[in-house]
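[1] Show me how the following folds:
(2 chains)
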Amino acid sequence: MTAIDYAAVLERDRKGAKLPRRPFPKWFRETGWRHLIGIAVLLFAIFPLVYVFSASLNPGGTLLTANALFSNVSFESYFALFQDPNYPYAAWWTNTLIVGLATSVGTVFLCALAAYAFSRMRFTGRRFGLLTLLLVQMFPQLLAFVAIFLLMSAISDVFPALGLNSLIGLIMVYLGGALGVNTYLMYGFFNTVPKEIDEAAKIDGAGHARIFFTIILRLVAPILAVIGLLSFIGTFGEFVIASVILIDPEKQTLAVGLFQFVSNAQSKNWSVFAAGAVLAAILPMALFLSLQRFIVGGLTAGSVK
Amino acid sequence: MTRPTVDEERPAGGAADKAILRRQRRAEAYSEAAGVGWKVWLVKIASLAVIDALAVYGIFVLIAQENWLIPLILAMVVVAVNLVYLTPGLLPAKYLTPGILFLLVFQVFLIVYTIYVSLTNFGSGHNSSKDDAVNALLLQSQTRVEDSVAYPVKVLEQGGEFFFLVTDPDGEALLGGAEEPLGEVDAQMGGGQAVGVEGYSTLDFGSILANQDAVAALAVPLSDDPNDGFLRTTDGSTAYIFISTLEWDPAADTMTNTSTGVVYSDIGTGAFTAEDGTELLPGWQVNVGLDNYVAAFTEQSIRGPFLYVLIWTFVFAILSVATTFALGLFLAIVFNDPRMKSKRFYRVIVILPYAFPGFLTALVWAGMFNQDFGIINQWFFGGAAIPWLQDPWLAKIAILTVNLWLGFPYMFLVCTGAIQSIPDDILEAAKADGAGAWGIFRLIKFPLLLVSVAPLLISSFAFNFNNFVLVYFLTQGGPRFPDASINVGQTDILISMVYKVAFVGSERDYGLASAFSVIIFIVVGTISWIAFRQTKALEELN
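    Next up is the predicted model:
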């Protein structure tokens, strides 16, 4: 690689001035090959997405006919999706949305409460509490799904509405796993908000609840958004616990329902499945892409998809 | 206000301070109430009311089920919650209680419970108490007594349950159900037969047909002793005596098969067992100590597949991190050149796989890899029937390919960030010292990058270690090991193996599955512990 005058290049870029045309070999050696790699990666990245989108537009399509990309274009499969009573897609979608929203709101609220206490108050057992959270965080709740199943079926005997086959039960289980993972991220962020703000409010006569709800929560809104979003996307694709708890088809979430849909009738109803996949993917992808900047920040702060 | 409510503890109360303390508390309560505002207060009272009502209901139901320990715990928890929110002060507890309650019940308790289940033989065939197992055995081994009296019967229904109203040879009316043995009852008679009882509705022929299965399955015990036999009907009008071929001897704790004479006794394994080792199922739940762990590591038909899965889980997780990191880093370097145009465009497209929900990815790729109709064989291999998901090695390659697609955008984002944060002057200095591009990368960029990315690589490893959805949705763990006694395949990772042992197929072994879970807990916990030591999070705690 030859030495580059980066500053000069950037300067030219900013002014919008055209780069002096380089001879092709030089251009290729410096940037051209990068575009070749870029195009190859681009194809790798979007091929499955294009494929599934094309398959969804192919009316009555099977796995085999899906191979001819965009040979037919019609929205029939999207309508068919809502007509099979054995695979209540609309109910799956609603359930997923309910579970995702309730879980993310609940997660944000519980974690914010805990983070506020840890960040602003000094009390006996505080350090112990923080350490316990770290410790618990090492044991993924996911692994306890046998125990989750047994516990939920025991709860069913007393409160059928909170046990097996109940969305509220599922949300409660998710909330149980919320604190360990997220409180730390929030705790760190809360610590960056200067304490003087609380104190000023306190002198003006605000109680702790008013300080928490009207001042702190607004100041830490970015981290609340990131955690809410990560929790929503995480819940959206969660399969193991949802499949263990939710039994009836009309109670299931998208991940559980679509998996059964595919394993029962893979090659026959491929285009209907593809339509289901496209509709399912729209919301998380839109959220992700529009809030990309925040998520990337949250990711590098230590969590993974 | 002179003393902040949030930060300080109350003064330690000597006897003389009591009055002051009381006044202070009251003042604190007033200021708290004033600061909270009536809306929050209303929400608080309403939530407490709902929680208390639910708890009281739960306690009653549990006591009705003759359960004592759990209602006691529930009562103590609810009292504690009420105390926390109704006494002034206790601020940290007010903020921590909701989260901690969920954490205790749905995470800490579940971990403990997993360990407990792993020490039992819980699973299909062993899922309830010994009494239930005895009843189930006697019920399922019934045969009709030859030449027994035929009882005229009417099927009655009350509250969704069915009962038999029979007329015995003496003309007495007897009523009984699945849970209660036959007993005399005042019945309306018609044509020399009891036809109805007040409070119950008599099923007509059509309703009997509609509930055929339930009626045929109903067995009404003749007396409190299950050895006396049961009444059953096939047509809803005549019932016969059925007696179990098994005889239950509570004193000797044995089951005897009356037709073969084989004696089955309780030898502590959770099922009645004959001398030759055959078991009567269902059995019941017993504590088996470390048997499940011992089986995992010694029993040939479990050990083989288990060790294979354990190794593959590590290989899979390491290769997943290595491949995605390599591609992500490579792309980050390629695209991180100020002379290159349309970088933003490439970046947005490259992120798309990461935004696509993971479970859909695996399902879509499963279709693309289909041996007969999949687009990969049709387009890229000229229609050759390559068994991507059926061959042990190809299935592994397929999984790693899909994981690469799924994971490289994340690594790309992370590496781009890390590279851009390396200060320019270090690179300038290296260049001035005459380092080449490769040297700069190998000796400066890469080590610096690794410092900031290493914790993410470790957490990515831990994530892939339990990447259930990818494996299960793509191959369902297959192809299956032919000689394994548990439902495990070549591409199963530990977590998918646990899922299949516990929930897939007719044989469910919760005990063994929980033992595997505990083993994974230990592995993942150890890895996180190392990661945690590396990041030195402990020292930053203040």
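
[2] So, low pLDDT: which residues of the chain?
    With no chain named, the answer covers chain A. Along chain A, the model assigns pLDDT under 70 to residues A:1-21, A:265-267, A:294-305.

[3] wrong one, I was asking about chain B
    In chain B, residues with pLDDT under 70: B:1-17, B:25-37, B:534-542.

[4] mind giving me the domain ranges of it?
    Here the domain parsing of chain B from automatic domain parsing is B:31-118, B:130-280, B:298-541.

[5] Longest helix in chain A, please.
    helix A:89-120 (DSSP state H).

[6] Likewise for chain B?
    Under DSSP H, chain B gives helix B:300-335 as its longest helix.

[7] Which one of the domains of chain B lies nearest to chain A?
    domain B:31-118 (1.4 Å; C-beta to the nearest C-beta). For the C-beta atoms, the positions are set from N, CA and C on the backbone; glycine is no exception.

[8] count of neighbours near residue A:225?
    16 (other C-beta atoms under 10 Å in any protein chain shown).

[9] Validate this expectation: it resides in a helix.
    Yes: assigned with DSSP: H, G, I helix; E, B strand; the rest coil, residue A:225 falls within a helix.

[10] picking up where we left off before, wait, which of the domains of chain B is closest to residue A:268?
    Shortest distance between residue A:268 and those, using C-beta to C-beta, is found for domain B:298-541: 10.8 Å.

[11] Helix, strand, or coil at the closest residue in space to residue B:241 that isn't next to it in sequence?
    Spatially, and ignoring its direct neighbours in sequence, residue B:241 is nearest to residue B:148 (4.2 Å; C-beta to C-beta, 6 or more residues apart in numbering or on different chains). With three-state DSSP as the basis, residue B:148 sits in coil.

[12] my read: residue B:148 touches residue B:232, true?
    No: counting by C-beta atoms under 8 Å, residue B:148 does not reach residue B:232; the two are 10.9 Å apart.

[13] Between the two, point out the one with more neighbours.
    More neighbours surround residue B:232 than the other of residue B:148 and residue B:232, with 19 against 14 (other C-beta under 10 Å).

[14] Need the residues that contact the strand or helix carrying that one.
    Assigned by DSSP states H and E, residue B:232 falls within strand B:230-233. Under the contact criterion C-beta atoms under 8 Å, 6 or more residues apart in numbering or on different chains, strand B:230-233 has outside partners B:139, B:142, B:144, B:151, B:153, B:155, B:164, B:166, B:176, B:182, B:215-216, B:218-222, B:239-244.

[15] so what are the domain limits for chain A?
    Per the record, chain A has its domains at A:3-80, A:89-302, by automatic domain parsing.

[16] and those domains, which is most packed in?
    Across the domains of chain A, averaging neighbours per residue (mean count of other C-beta atoms under 10 Å in any protein chain shown) puts domain A:89-302 on top, at a mean of 20.

[17] from the chain's centre, how far out does it sit?
    With C-alpha atoms, centre = their mean, to the nearest Å as the basis, domain A:89-302 stands 9 Å off its chain's centre.

[18] Tell me which of the domains of chain B sits most buried.
    Stretch with highest mean neighbour count among the domains of chain B: domain B:298-541 (a mean of 18; mean count of other C-beta under 10 Å).

[19] ok so, going back, touching both of residue B:148 and residue B:232, which residues are there?
    residue B:240.

[20] So what does the residue in chain A that chain B sits nearest to look like in phi/psi?
    Using C-beta to the nearest C-beta, the closest approach of chain A to chain B is made by residue A:207 at 1.4 Å. When read as degrees, to the nearest 10, the backbone of residue A:207 gives phi -80, psi 170.

[21] Tell me who's in contact with residue B:351.
    Contact analysis of residue B:351 by C-beta under 8 Å, 6+ apart lists A:288-289, A:292, B:409, B:412-413.

[22] From the residues you listed, which land in helices?
    Counting by DSSP H, the members of the contacts of residue B:351 that fall within helices are A:288-289, A:292, B:409, B:412-413.

[23] Just name the closest of the residues you listed to residue B:258, please.
    Using C-beta to C-beta, residue A:288 comes nearest to residue B:258 of those, at 67.7 Å.

[24] Touching, that closest one and residue A:230? I think so.
    No: taking contacts as C-beta under 8 Å, residue A:288 lies outside contact range of residue A:230: 10.1 Å.

[25] what's the closest non-adjacent residue to residue B:343?
    Per C-beta to C-beta, 6+ apart, closest to residue B:343 is residue B:335, 5.4 Å.

[26] List the contacts of that neighbour.
    A:34, A:38, B:343, B:346-347, B:416.

[27] rerun that using 7 Å as the cut-off
    By C-beta atoms under 7 Å, 6 or more residues apart in numbering or on different chains, the contact list for residue B:335 reads A:34, A:38, B:343, B:346-347.

[28] want to throw the residues you listed into TSV with secondary structure and distance to residue B:286?
    What follows is the contacts of residue B:335, written out as TSV (DSSP: H, G, I helix; E, B strand; the rest coil; distance: C-beta to C-beta, whole Å):
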residue	secondary structure	distance to residue B:286
A:34	helix	66
A:38	helix	63
B:343	helix	65
B:346	helix	61
B:347	helix	59
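
[29] Now that residue B:498 has come up, it's in contact with residue B:518, right?
    No: assessed by C-beta atoms under 7 Å, residue B:498 is found out of contact with residue B:518, at 10.0 Å.

[30] Which stretches in the stretch 1-150 of chain B count as strands?
    Taking DSSP state E, counting those that start in this stretch as the criterion, the stretch 1-150 of chain B carries its strands at B:142-144.

[31] ranges for the helices of it?
    Taking DSSP state H, counting those that start in this stretch as the test, the helices found in the stretch 1-150 of chain B are B:18-36, B:38-64, B:69-86, B:91-103, B:109-118, B:130-140.

[32] I'd like these laid out as JSON lines, including distance to chain A.
    As requested, the helices of the stretch 1-150 of chain B are exported to JSON lines (distance: least, C-beta to the nearest C-beta, whole Å):
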{"stretch": "helix B:18-36", "distance to chain A": "1"}
{"stretch": "helix B:38-64", "distance to chain A": "5"}
{"stretch": "helix B:69-86", "distance to chain A": "9"}
{"stretch": "helix B:91-103", "distance to chain A": "4"}
{"stretch": "helix B:109-118", "distance to chain A": "4"}
{"stretch": "helix B:130-140", "distance to chain A": "14"}
